[in-house]
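Participant: Model the structure of this input:
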Amino acid sequence: MRCPPEYLDIAVRLANAARPIAQRYFRAPLDIETKADDTPVTRADREVEAAMREILRETCPDHEILGEEMGGTPVSTGVQWILDPIDGTSAFASGVAMFGTLVGLAIDGNFVLGLIDQPITEERWLGAAGRPTTLNGTAAQVSGCTELSQARLFTTAPEYFSTEETQAAFHRVRDGARFTRYGADCYAFGLLASGHTDLVIEAELHVWDYAAPAAVVENAGGVVTDWQGKPLSSTSDGGSVLAASTPALHAAALSLLAG
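Facilitator: Numbering: from 1, shown residues only. Sure thing, here's the model as predicted:
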């Protein structure tokens, strides 16, 4: 399914509206609240999502919207925008430019567009079905890494592997990789799409965390599934994500995750 070009324009409008808000609040005095799920949220998160939702209400009022801060329900039919205003709020609130604004688009549950925008470094990855992923307008391409022993692995934080089973699974892959880095949130998927890392493994994510990154990585030539090797969709369960630069590397990591 090819992504309609007018939706690309809307995604860019959303990111353009979000970027100055995030820039204004970055490293400024800011109250950090804790949500019911123990994750942090700031005024910046809410203002960014509100600004994006206003554009969507004006341009495509018949489309569904799902956002981290203002809710919504994943749907398996029709068109739905999936928003994470600041993915990596902990990094944002710590003054670290390893966060991003995520804009995903699903049609009948399938991710057909993804945008990752880093407002401080002003890097923007945009990928869509039928259109290769770009970084600031230049084609992005995953690395050709096929061997786990040579793979650069990223994950957000060890605490996201909250059970003995998921910890053990991740450690099997980590111990076989060339090296492992932590703390990049969605930015790691952009690095993967541009060939600067080779493998991203995450657990306990929500659909707004992976909708946009999945489209960005896949349209840069990578492979993205859950830990069982199933394609991700707007109604995927479990929140586990495995993204790899090549099918061979994906298969090697998938085998170790399965034990």
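Participant: Please name the residues that touch Ser245.
Facilitator: For Ser245, the contacting residues are Val142, Ser143, Gly144, Cys145, Ala151, Leu192, Gly195, Asp198, Leu199, Gly221, Gly222, Val223, by Cβ atoms under 8 Å, 6 or more residues apart in numbering. Every C-beta, even on glycine, is put in place using the N, C-alpha and C of the backbone.
Participant: roughly how far apart are it and Thr42?
Facilitator: 33 Å (Cβ to Cβ, to the nearest Å).
Participant: Equivalent analysis for Thr134, please.
Facilitator: Remark: distance between Thr134 and Thr42 (Cβ to Cβ) = 29 Å.
Participant: ok, now Ala169?
Facilitator: Using Cβ to Cβ, we find Ala169 at a distance of 32 Å from Thr42.
Participant: One more: Ala106?
Facilitator: Applying Cβ to Cβ to Ala106 and Thr42 gives a distance of 27 Å.
Participant: of the two, who's got more company?
Facilitator: Ala106 (27 against 19; other Cβ atoms under 10 Å).
Participant: Once you drop chain neighbours, what's closest to that one?
Facilitator: Ser234 (4.2 Å; Cβ to Cβ, 6 or more residues apart in numbering).
Participant: my read: that neighbour touches Ile107, true?
Facilitator: No. Contact criterion Cβ atoms under 8 Å: Ser234 and Ile107 do not qualify, at 9.4 Å.
Participant: Now for those two: what residues contact both?
Facilitator: Residues touching both Ser234 and Ile107 (Cβ under 8 Å, 6+ apart) are Gln80.
Participant: okay, these two: which has more neighbours?
Facilitator: Ser234 (24 against 19).
Participant: Under a three-state scheme, what state does the more buried one occupy?
Facilitator: Three-state call for Ser234 (DSSP: H, G, I helix; E, B strand; the rest coil): coil.
Participant: thinking again about what came up before, could you tell me which of the contacts of Ser245 are located in helices?
Facilitator: Among these, the residues falling in helices (DSSP state H) are Leu192.
Participant: Quick one: buried ones out of the contacts of Ser245?
Facilitator: By neighbour count, with 16 or more other Cβ atoms under 10 Å, the contacts of Ser245 hold Val142, Ser143, Cys145, Ala151, Leu192, Gly195, Asp198, Leu199, Gly221, Gly222, Val223 as buried.
Participant: Sort out for me which of those are in strands.
Facilitator: Within the buried ones among the contacts of Ser245, residues falling in strands by DSSP state E are Leu199, Val223.
Participant: In JSON lines, list the buried ones among the contacts of Ser245 along with distance to Glu58 and pLDDT.
Facilitator: Listed next are the buried ones among the contacts of Ser245 as JSON lines, based on distance: Cβ to Cβ, whole Å; pLDDT from 0 to 100:
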{"residue": "Val142", "distance to Glu58": "36", "pLDDT": "98"}
{"residue": "Ser143", "distance to Glu58": "40", "pLDDT": "98"}
{"residue": "Cys145", "distance to Glu58": "43", "pLDDT": "98"}
{"residue": "Ala151", "distance to Glu58": "44", "pLDDT": "98"}
{"residue": "Leu192", "distance to Glu58": "33", "pLDDT": "98"}
{"residue": "Gly195", "distance to Glu58": "37", "pLDDT": "98"}
{"residue": "Asp198", "distance to Glu58": "40", "pLDDT": "98"}
{"residue": "Leu199", "distance to Glu58": "40", "pLDDT": "98"}
{"residue": "Gly221", "distance to Glu58": "35", "pLDDT": "98"}
{"residue": "Gly222", "distance to Glu58": "34", "pLDDT": "98"}
{"residue": "Val223", "distance to Glu58": "36", "pLDDT": "98"}
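Participant: Right, I'll call it a day here.
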